[in-house]
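> Sequence plus the predicted model coming up.
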Amino acid sequence: MKIHFISIGGSVMHQLAIALKRKKYLVSGTDDEIFEPAKGNLLAEGLLPKKIGWDTSLITPDLDAVILGMHAKADNPELEKAKELGLPIYSFPEYIYQESKHKKRVVVGGSHGKTTTTSMIMHALKENKKSFDYLVGAKLNGFDQSVNITDAPIIVCEGDEYPASVIEKKPKFHFLFPHIAVLTGIAWDHINVFPTFDFYLEQFIIFINKIEPGGILIYNETDDILKKLVQDNKREDIRYQPYRVPEHSISNGITTVTIERVSGALRVFGNHNLMNLHAAYYVCAELGIEAKDFLTSMINFTGAAKRLELMASGNQINVYRDFAHAPSKVKASVQAVKQQFPDKKLIGVLELHTYSSLNAEFMEEYNGALALLDEAAVFYSKHALELKRMPDLQVDIVQRGFNKEGLVVFTDKEDLAAWLKTRDTKNANILFMSSGNYDGLDIFSYAVTITKNI
């Protein structure tokens, strides 16, 4: 197979390119900018383009497929030539399906918890020596790639509802056709793509209808919106398995969970993670893993990168970072840390970085999301607004939207750094929540320093 990638530098695009090269395919690719870690990864595999920019000479009639990245523009010269030659052009998820037509397909969708649930399934399958391929949106311990394509009989995919490419506006998870589907919950997000809640809901109805006949939908029955959507769109040719927070106990900051009368201690915590685990168990049960073996594998699961990840810890303090940015995710992460350590003060810093979170009209969706924090700060940079070509966001609009007493709002990273240094962090946890990087603020150095000083 001879494959060309347009926008090979993307976070998942370059991972797929590497996976296909390792499968002995002939792979080429181009991009107008490539940053780390993609640059180093591609260089190590001999796939880094010789020059930055587009090269139509690489678009030849003998290509078996052209894979189009999300960041390529509609007038990309390579795309235009591929169309002229009548070459097969695929978005990332469309091509994943081409490689997995003869596999049992597991797809995890939903507004939150996708990455962690997918990671738990992958971890359990690996620990139980099951052969499988995968697509996941984060770096996981024990996996050197976030995408792997081999001749394995199973593929486990995180199913994103964001558009597949510039020429294919349908959500990514509409192209994967699962035999085993998971829906973790529904909370309106991506308002730049889904301007109304009803339009957003419709994408999940379509996803349910994409499940292969004879398949199963494993869904979070504690989400009232999702539960109603499932009830209103019942199919007679698939099975349904609801899940919720399983039986568990918390002692000295350690959670022990019980499934099918089998118990096991965990290294992750929080009701949202317990629900993710319950969903992962039902998937693994479909794939032939018993409760005892599943929970044994979960004992050493430490979570995906940036998902309540412990950055540093000291005698009286833990510092976590989390990918939470949408209101439901923020609320769940705050609740998880507070519930796990009820006697510790909780200091939280949320960065607004996505299009939705920087939109003044969306701000009221965050009402109450930070309620359980003892001290709360929200940060956003003017630079992020400029990059997204969005109007200025007024501090008072943010404060009203969150409706959190004592909330401080920063738009300068140096001011945030100064505020952090003045916090009393004895017997405290600190939670950083962001899908960005705090405009370059080095939170790792802060985490290490603050935990050593306590």
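Sure, I can see it.
> Return the list of strands paired to the helix or strand harbouring residue 156, each annotated with direction.
Element membership of residue 156, judged by DSSP states H and E, is strand 154-158. Using DSSP bridges, strand 154-158 pairs in its sheet with strand 104-109 (parallel), strand 133-135 (parallel).
> Can you tell me what sits against it?
If you take C-beta atoms under 8 Å, 6 or more residues apart in numbering as the criterion, strand 154-158 is touched by 96, 99-100, 103-108, 114-115, 118, 121-122, 125, 130-137, 176, 178, 283, 287. To be clear about C-beta, it is placed using only N, CA and C from the backbone, and glycine gets the same treatment.
> out of those, which are buried?
Among those, those classed as buried by 16 or more other C-beta atoms under 10 Å are 96, 99-100, 103-108, 114-115, 118, 121-122, 125, 130, 132-137, 176, 178, 283, 287.
> just to revisit the earlier point, tabulate the strands paired with strand 154-158 in CSV, adding columns for mean pLDDT and distance to residue 213.
Supplementary listing: the strands paired with strand 154-158 in CSV, determined by pLDDT from 0 to 100; distance: least, C-beta to C-beta, whole Å:
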stretch, mean pLDDT, distance to residue 213
strand 104-109, 98, 13
strand 133-135, 97, 23
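> quick one, which of those is nearest to residue 361?
Taking C-beta to C-beta, strand 104-109 is the member of those nearest to residue 361, at 25.8 Å.
> Looking at the residue nearest the centre of the chain now. What's its pLDDT?
Using C-alpha atoms, centre = their mean, the residue of the chain that lies closest to the mean C-alpha position is residue 115, 4.4 Å off. Here, the pLDDT recorded for residue 115 equals 91.
> okay, the angle between the helix or strand where it lies and strand 154-158?
In the assignment (DSSP H and E), residue 115 maps to helix 114-127. If you take axes from the mean of the first three to the mean of the last three C-alpha atoms, to 10 degrees, helix 114-127 sits at 160 degrees to strand 154-158.
> Any idea how far helix 114-127 is from the middle of the chain?
For helix 114-127, the gap between its own C-alpha mean and the chain's C-alpha mean amounts to 13 Å (C-alpha atoms, centre = their mean, to the nearest Å).
> quick one: the strands in the stretch 251-400 of the chain?
Applying DSSP state E, counting those that start in this stretch to the stretch 251-400 of the chain gives strands spanning 254-259, 262-265, 309-313, 317-322, 345-351, 375-379.
> Tabulate these in CSV, adding columns for mean neighbour count, mean pLDDT and distance to residue 18.
Below are the strands of the stretch 251-400 of the chain laid out as CSV (neighbours: other C-beta atoms under 10 Å; pLDDT from 0 to 100; distance: least, C-beta to C-beta, whole Å):
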stretch, mean neighbour count, mean pLDDT, distance to residue 18
strand 254-259, 18, 95, 35
strand 262-265, 15, 95, 34
strand 309-313, 16, 91, 24
strand 317-322, 23, 94, 26
strand 345-351, 24, 97, 30
strand 375-379, 23, 97, 34
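> among those strands, which is nearest residue 77?
strand 345-351 (36.1 Å).
> CSV please, covering the strands paired with strand 154-158 and showing distance to residue 192.
What follows is those, written out as CSV (distance: least, C-beta to C-beta, whole Å):
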stretch, distance to residue 192
strand 104-109, 19
strand 133-135, 24
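> if we compare these, which one ends up closest to residue 405?
Nearest of the strands paired with strand 154-158 (C-beta to C-beta): strand 104-109, 36.0 Å.
> Distance from that closest one to the middle of the chain?
Here strand 104-109 is found 15 Å from its chain centre; the criterion is C-alpha atoms, centre = their mean.
> Let me see the ranges of the helices in the stretch 251-400 of the chain.
In the stretch 251-400 of the chain, the segments counted as helices under DSSP state H, counting those that start in this stretch are 271-286, 291-298, 327-340, 382-387, 395-402.
> List the buried residues of the fourth one.
Translated: helix 382-387. 384, 385.
> how long is stretch 20-36 from one end to the other?
Stretch 20-36 has an end-to-end distance of 20 Å (C-alpha to C-alpha, to the nearest Å).
> pLDDT value on residue 140, please?
So, for residue 140, pLDDT stands at 85.
> and if you look at residue 216?
98.
> Just give me the neighbour total for it.
19 (other C-beta atoms under 10 Å).
> if I look at it, how far off is residue 272?
22 Å (C-beta to C-beta, to the nearest Å).
> And residue 179, by the same measure?
25 Å.
> ok, these two, which is more surrounded?
Ranked by neighbour count (other C-beta under 10 Å), residue 179 and residue 272 place residue 272 first, with 27 against 19.
> For the closest residue to that one other than its chain neighbours, which residues are in contact?
Closest residue to residue 272 apart from its sequence neighbours, by C-beta to C-beta, 6 or more residues apart in numbering: residue 332 at 4.1 Å. Residue 332 makes contacts with 112, 270, 271, 272, 324, as judged by C-beta under 8 Å, 6+ apart.
> repeat that for 7 Å
Listed by C-beta atoms under 7 Å, 6 or more residues apart in numbering, the contact partners of residue 332 are 112, 270, 272.
> can you check residue 122 too?
134, 136, 140, 143, 156.
> in terms of contact, does residue 125 touch residue 132 like I think?
Yes - under the criterion of C-beta atoms under 7 Å, residue 125 makes contact with residue 132 at 5.1 Å.
> care to break this structure down by domain?
As given by automatic domain parsing, the domain ranges for the chain are 2-87, 95-298, 309-453.
> re the thing from before, who does the following helix or strand past the strand holding residue 156 touch, helix- and strand-wise?
Next helix or strand after strand 154-158 toward the C-terminus (DSSP H and E): strand 180-183. Applying 3 or more C-beta pairs under 7 Å, 6 or more residues apart in numbering; DSSP states H and E, we find strand 180-183 packed against strand 104-109, strand 216-220, helix 271-286.
> Tabulate the contacts of residue 122 (CSV), appending distance to residue 74.
Formatted as CSV, the contacts of residue 122 follow (distance: C-beta to C-beta, whole Å):
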residue, distance to residue 74
134, 30
136, 28
140, 34
143, 34
156, 32
